[in-house]
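Asker: The sequence and its predicted three-dimensional model are supplied below.
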Amino acid sequence: MTPDEFRQAGHELIDWIADYRADLEQRPVRASVKPGDVRSQFSRTPPESPRNPEDLLRELEQIIVPGITQVQHPMHYGWFPSNASLASTLGDIASSGLGTLGISWESCPALTEVEEVVCDWMRQLMGLSGQWEGCIQDTASTACLTALLIARERTSDYSESRGGLQAEDRPLLVYTTEEAHSSVVKAALLAGFGRDNLRLVSMDPGTRAMSVRALADQIESDLADSAVPCAVVASIGSTGVTAFDPLAEIARITAAHAIWLHVDAAMAGSAMLLPEYRHLWEGVEVADSIAWNPHKWMGTILDCSLFYVRDVQHLVRVMSTNPSYLRSSVDNEVKQYRDWGVPLGRRFRALKLWYHLSIDGIESIRDRLRRDLDNAQWFASQVSQSEHWRVLAPVHLQTVCIRHEPPGLTAEALDHHTLAWVNTINQSGDAFMSPSQLDGYWMVRVSIGVEATTRNHVENLWKLIQRNASDQLILAEKN
């Protein structure tokens, strides 16, 4: 493809994307395919000759789009807000079009230095002190793995330079809760701690936040058993119910025992752009590492996860790779982001944040976050005021956990009823929500925060929920 051919095809693709976004509300929210439907429409063998971009655009519409659950749809309330603002999409296109190679400062000085700039912008916007320095990882999962790797090395006095964890005479332990994201468990396993050395600390039954007393007791018990407490992963806005672990109190314990404290604020980190919500992570300045995803609620297109540490020298010592072919005469003057995480190469992700912040502006982003918070409170109040409906967890931000609890149902029947009404709505394509378990029983998470979602959409969702829950009761009585 020549630049002129690219220009024509690119204009057509941009026009298609703009129309697609403008008409998104007219499409079903949930993917309308069965397993194998998309795959079966492609040739079993790769194309032998070039095809016209117009043909691909047609197949994009006819084959690909039906197989997409539309997370940008204003009636999407599942999992978490996964906004992809059009402003940041331009940055993503620019990144791809430039085709940079991010393996060292020398390979693309602008990539490194723009990333330095936007990470520091975000640090300031979150109210963090100048002791923090950051980089852009792909996801919070990778950031958590990196945090546990460098925690492991600090606690073991750099065991990687000797025999690794298997040569240590005492086990190293990681502490978190059942509310923590599944990536925390995965990171602990990949970092070599082993499942037996992962401690799931008890939680407050009402808030689902980590119990500080239980954490302190568990640490003392483990020390008495000659184990080595290594890291605590605190959830700031947990996946299930958006619980907030008491960071300031946890930080006092970790500081007293020289335990690494990693703060996982993957979705809720966006709220820290609002000064009035920063009390929710009081104590963060004592933590050792922080991760949160602008590619969620804030709206910078995937993949864009911010990872901050206070001890950069330690991070680089653990993660550094310095083969001769990557060395240059300016190495002592610049950051080498290959030493800040697992991958050697990196995309020019900073352009997405630069475009997003520059075109949309932080105040419009803050206004949208406050709109979502207000809509969540309105929705929660409607649920709480309605007979036989219950809000199951404190509504700290934009996620509301609900259940319809009509009298006379057994626990098993209640689970069946909950799944019946939410699955009926999801399958209809009118809206999408995530069922999830809390204390062993099914509930429904309503995550409000898609860029296009207004109060009118939330009102329509509540009507849809009530109608379908009622219909399922009538249907159950008939059967």
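Answerer: Now that the structure is in, tell me what you want to look at.
Asker: which stretches of this protein form helices?
Answerer: 3-22, 37-40, 53-59, 86-98, 109-125, 140-155, 182-190, 212-224, 247-257, 312-319, 350-360, 362-384, 411-428, 455-478 (DSSP state H).
Asker: Of those, which is nearest Pro435?
Answerer: Closest to Pro435 of these is helix 411-428 (C-beta to C-beta; 5.0 Å). For the C-beta atoms, the positions are set from N, CA and C on the backbone; glycine is no exception.
Asker: residues of the closest one that come out buried?
Answerer: With burial defined by 16 or more other C-beta atoms under 10 Å, the residues of helix 411-428 counted as buried are Leu414, Asp415, His417, Thr418, Ala420, Trp421, Val422, Thr424, Ile425, Asn426.
Asker: just to revisit the earlier point, and the helices of the chain: which comes nearest Ser328?
Answerer: The nearest among those, by C-beta to C-beta, is helix 109-125 at 10.5 Å.
Asker: Not counting the closest one itself, show me its contacts.
Answerer: Residues from elsewhere that reach helix 109-125 (C-beta atoms under 8 Å, 6 or more residues apart in numbering): 100, 102, 105, 130, 132-136, 273, 294, 306, 308, 334-337, 346, 348-351, 353-354, 357, 362.
Asker: pull the CA atoms of that helix into PDB?
Answerer: Taking Å, rounded to 0.1, in the frame of the first residue of the first chain, the C-alpha atoms of helix 109-125 are listed here in PDB:
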ATOM      1  CA  PRO A 109      13.600  10.000  22.000                       C
ATOM      2  CA  ALA A 110      10.100  11.600  21.600                       C
ATOM      3  CA  LEU A 111       8.400   8.400  22.800                       C
ATOM      4  CA  THR A 112      10.400   8.400  26.100                       C
ATOM      5  CA  GLU A 113      10.100  12.100  26.800                       C
ATOM      6  CA  VAL A 114       6.400  12.500  25.900                       C
ATOM      7  CA  GLU A 115       5.700   9.600  28.200                       C
ATOM      8  CA  GLU A 116       7.700  11.300  31.000                       C
ATOM      9  CA  VAL A 117       5.700  14.500  30.400                       C
ATOM     10  CA  VAL A 118       2.200  12.900  30.400                       C
ATOM     11  CA  CYS A 119       2.900  10.600  33.400                       C
ATOM     12  CA  ASP A 120       4.000  13.700  35.400                       C
ATOM     13  CA  TRP A 121       0.900  15.600  34.200                       C
ATOM     14  CA  MET A 122      -1.200  12.700  35.500                       C
ATOM     15  CA  ARG A 123       0.700  12.600  38.800                       C
ATOM     16  CA  GLN A 124      -0.200  16.300  39.300                       C
ATOM     17  CA  LEU A 125      -3.800  15.800  38.300                       C
END
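Asker: That one vs helix 350-360, what angle?
Answerer: Counting by axes from the mean of the first three to the mean of the last three C-alpha atoms, to 10 degrees, helix 109-125 lies at 50 degrees to helix 350-360.
Asker: Run the chain-centre distance for helix 109-125.
Answerer: 20 Å (C-alpha atoms, centre = their mean, to the nearest Å).
Asker: how far off helix 362-384 does it point, in degrees?
Answerer: Orientation check (the same axes, to 10 degrees): helix 109-125 against helix 362-384 gives 50 degrees.
Asker: Would you mark the buried spots in helix 109-125?
Answerer: Within helix 109-125, the residues that count as buried by 16+ other C-beta under 10 Å are Leu111, Thr112, Val114, Glu115, Glu116, Val118, Cys119, Met122, Arg123, Leu125.
Asker: got TSV for the residues you listed, with pLDDT and distance to Ser161 too?
Answerer: Formatted as TSV, the buried residues of helix 109-125 follow (pLDDT from 0 to 100; distance: C-beta to C-beta, whole Å):
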residue	pLDDT	distance to Ser161
Leu111	97	30
Thr112	97	27
Val114	98	33
Glu115	98	29
Glu116	97	29
Val118	98	34
Cys119	98	29
Met122	98	33
Arg123	98	31
Leu125	98	38
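Asker: What is the nearest of those residues to Arg30?
Answerer: Within the buried residues of helix 109-125, the smallest distance to Arg30 is 32.9 Å, found for Met122 (C-beta to C-beta).
Asker: mind listing what the residue most central in space within the chain touches?
Answerer: Centroid-nearest residue in the chain: Ala266, 4.3 Å away (criterion: C-alpha atoms, centre = their mean). Taking C-beta under 8 Å, 6+ apart, we find Ala266 in contact with Ala140, His181, Gly237, Ala291, Trp292, Asn293, Lys296, Ser305.
Asker: The closest residue to it other than its chain neighbours and Ile448: what is the separation?
Answerer: Nearest non-adjacent residue to Ala266, counting by C-beta to C-beta, 6 or more residues apart in numbering: Ala140, 3.9 Å away. Noted for Ala140: a distance of 21 Å to Ile448, by C-beta to C-beta, to the nearest Å.
Asker: still on that earlier bit, JSON lines please, covering the helices of the chain and showing distance to Val284.
Answerer: Listed next are these as JSON lines, based on distance: least, C-beta to C-beta, whole Å:
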{"stretch": "helix 3-22", "distance to Val284": "35"}
{"stretch": "helix 37-40", "distance to Val284": "43"}
{"stretch": "helix 53-59", "distance to Val284": "46"}
{"stretch": "helix 86-98", "distance to Val284": "25"}
{"stretch": "helix 109-125", "distance to Val284": "12"}
{"stretch": "helix 140-155", "distance to Val284": "14"}
{"stretch": "helix 182-190", "distance to Val284": "17"}
{"stretch": "helix 212-224", "distance to Val284": "16"}
{"stretch": "helix 247-257", "distance to Val284": "6"}
{"stretch": "helix 312-319", "distance to Val284": "17"}
{"stretch": "helix 350-360", "distance to Val284": "20"}
{"stretch": "helix 362-384", "distance to Val284": "18"}
{"stretch": "helix 411-428", "distance to Val284": "35"}
{"stretch": "helix 455-478", "distance to Val284": "30"}
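Asker: Nearest to Thr69, out of these?
Answerer: Proximity to Thr69, assessed across the helices of the chain by C-beta to C-beta, is greatest for helix 411-428 (9.3 Å).
Asker: relative orientation of that closest one and helix 455-478 in degrees?
Answerer: Using the same axes, to 10 degrees, the inter-axis angle of helix 411-428 relative to helix 455-478 is 130 degrees.
Asker: who does helix 411-428 touch, helix- and strand-wise?
Answerer: If you count contacts as 3 or more C-beta pairs under 8 Å, 6 or more residues apart in numbering; DSSP states H and E, helix 411-428 packs onto strand 399-404, strand 432-438, strand 441-447, helix 455-478.
Asker: residues in contact with Ser183?
Answerer: Per C-beta under 8 Å, 6+ apart, neighbours of Ser183: Thr139, Ala140, Ser141, Cys144, Leu145.
Asker: ok, and the closest non-adjacent residue to the third one?
Answerer: The spatial neighbour of Ser141 that comes closest, neighbours along the chain excluded (C-beta to C-beta, 6+ apart), is Ser183 at 3.7 Å.
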